[in-house]
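Enquirer: next comes the sequence, and after it the predicted model I'd like to discuss.
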Amino acid sequence: MTEPADLVARVRDGDIRLHELEQHADADTAAAARRLYVEEETGADLSVAGEYAFDAADAASAIENMVGAIQVPLGVAGPVPIHGGEAEGTFYLPLATTEGALLASVNRGLSAIRAAGGSTARVIKSKMTRAPVFRVQDVAESVEVVEWVRANTDKLKEAAEETTSHGELLDVTPYVVGDNVFLRFGYDTKDAMGMNMATIATEAASAIVEEETPASLVALSGNLCTDKKPAAINAIEGRGRTVVADVRIPRELVEERFKTTPEAIAEVNTRKNLVGSAKAGSLGFNAHAANTVAAMFLATGQDAAQVVEGSNAIVTAEAREDELYASISLASLEVGTVGGGTKLPTQAEGLSVLGLRGGGDPAGANADALAEVIATGALAGELSLLSALASRHLSSAHAELGR
């Protein structure tokens, strides 16, 4: 059996490279050897990082040059009833975070939503995008390409869908900037988050565009997609799942659970989330939606960098005669229940807590349900923070929890 120290010696001798260790040993031994090498090079102690519960081979599709695992504390909030398009029932929400008081805050919001009978949630749009950029000679050629694309969407659809057994090309939207032509492809990726699926399919379709028009592909992603960056196009047009959740909480419940009034919460939301965000030039008009989105992304194996798009959320709060109405609209929540990090054992367990592991029936149902659950969790976090600000209890709550 190959020992980690033997592999390290071969790396130092130049016989093999650090990223090639899996070619000479099983995945766990390779990770142990790489961990030993890094410890010797840096003086760091990686013994805790080396204590992970899954087979390193399971992580092969998720990471390269593996040395171990970072363990993020996992908590659970709820239960909460959700009346969704796909998420119908009572759910416990898994959240992984290192931010003290976050889970307690979300749990407080969920408690109020539960007492009010639950949230209502719906996915209103589902479309993963990829937008390549092409070069042409001039504006006349730009228009020629756009006209061809509009007349031949079926041909692009056929080429794109030949690369996937699940993905479906929904539309192609052209944009022209001088001698640049951007084509924003939109796909239904079912239960997969679908970024890789969309990229591979778009590459095949782009080859047809190059063959049939004067356009030359410059980059498969032209940043009009837009992936993992703040962008108004995602806030307006959506990307991944566009999902909305709301709740109506009786006045006496607001006063009992949040120690404030519907009017005070509505005013904080208007002055902070709406006016303050507008003055700051924000794309998100919310208090901290990304907090809950990030915690649930980590717990369920989503792409953590796409929390950027997940923070594209608008919160509304209205004081009615005998109740508080509150909603959250997340324009670009990119989630899946199959593929990527969802296959890792601990993340799969997080999805199992929700009853949403793997593909749904019909296809896409589980990813839709996950989006609806995350939206409800984010709404709970908003309600809790807004009420803490309205009652001026924010700092005392953190102090009480020792954060």
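Expert: Looks like it came in fine.
Enquirer: residue boundaries of the helices in the stretch 301-403 of the chain?
Expert: Counting by DSSP state H, counting those that start in this stretch, the stretch 301-403 of the chain has helices at residues 307-310, 345-354, 365-390, 394-400.
Enquirer: which stretch in those helices is the model least sure about?
Expert: Ranked by mean pLDDT, these bottom out at helix 394-400, with a mean of 50.
Enquirer: ok, back up a step: reformat the helices of the stretch 301-403 of the chain as TSV; add mean neighbour count and distance to I249.
Expert: Where C-beta positions appear, they are placed from N, C-alpha and C, glycine not excepted. TSV is the format used below for the helices of the stretch 301-403 of the chain (neighbours: other Cβ atoms under 10 Å; distance: least, Cβ to Cβ, whole Å):
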stretch	mean neighbour count	distance to I249
helix 307-310	26	24
helix 345-354	19	23
helix 365-390	28	8
helix 394-400	13	19
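Enquirer: nearest approach to T270 belongs to which of those?
Expert: In terms of Cβ to Cβ, the element of the helices of the stretch 301-403 of the chain nearest to T270 is helix 365-390, at 10.4 Å.
Enquirer: would you turn the helices of the stretch 301-403 of the chain into JSON lines with distance to A294?
Expert: Converted to JSON lines, the helices of the stretch 301-403 of the chain look like this (distance: least, Cβ to Cβ, whole Å):
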{"stretch": "helix 307-310", "distance to A294": "5"}
{"stretch": "helix 345-354", "distance to A294": "13"}
{"stretch": "helix 365-390", "distance to A294": "10"}
{"stretch": "helix 394-400", "distance to A294": "18"}
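Enquirer: so for P81, which of the ones you listed sits nearest?
Expert: helix 365-390 (9.3 Å).
Enquirer: what angle sits between the closest one and helix 345-354?
Expert: Computed by axes from the mean of the first three to the mean of the last three Cα atoms, to 10 degrees, the angle separating helix 365-390 from helix 345-354 equals 80 degrees.
Enquirer: span of stretch 7-24 from start to end?
Expert: End-to-end distance of stretch 7-24: 8 Å, with Cα to Cα, to the nearest Å as the criterion.
Enquirer: mind listing what's buried along that stretch?
Expert: Residues of stretch 7-24 classed as buried by neighbour count (16 or more other Cβ atoms under 10 Å): 7-8, 10-11, 21-22.
Enquirer: and what of stretch 66-77?
Expert: Those buried within stretch 66-77 under the rule 16+ other Cβ under 10 Å are 66-69, 74-75, 77.
Enquirer: can you check stretch 102-116 too?
Expert: Within stretch 102-116, judged by 16+ other Cβ under 10 Å, the buried ones are 102-114, 116.
Enquirer: which one among the buried residues of stretch 7-24 gets closest to S329?
Expert: Checking those one by one against S329 (Cβ to Cβ), the nearest turns out to be E22, at 44.1 Å.
Enquirer: list the contacts for the closest residue to the closest one other than its chain neighbours?
Expert: Nearest residue to E22 in three dimensions, chain neighbours excluded: A30, at 4.6 Å (Cβ to Cβ, 6 or more residues apart in numbering). Contacts here follow Cβ atoms under 8 Å, 6 or more residues apart in numbering; on that basis A30 touches 7, 21-22, 24, 56, 66.
Enquirer: can you verify my assumption that R35 contacts V48?
Expert: No. Taking Cβ atoms under 8 Å as the definition, R35 is not a contact partner of V48, at 10.8 Å.
Enquirer: neighbour count for these two, which is higher?
Expert: Taking other Cβ atoms under 10 Å, R35 and V48 do not tie; R35 has more neighbours (20 against 11).
Enquirer: that's a helix at that one, yeah?
Expert: Yes. Counting by DSSP: H, G, I helix; E, B strand; the rest coil, one finds R35 located in a helix.
Enquirer: give me the distance between it and A388.
Expert: To A388, R35 is 42 Å away according to Cβ to Cβ, to the nearest Å.
Enquirer: ok, residues contacting stretch 136-145?
Expert: So stretch 136-145 is contacted by 134, 174, 176, 178-181, 209, 213-216 (Cβ under 8 Å, 6+ apart).
Enquirer: give me the buried entries from these.
Expert: So, by 16+ other Cβ under 10 Å, the buried ones in the contacts of stretch 136-145 are 134, 174, 180-181, 209, 213-215.
Enquirer: model confidence over stretch 206-219, on average?
Expert: 98.
Enquirer: kindly report the same for stretch 56-64.
Expert: Mean predicted confidence for stretch 56-64 is 88.
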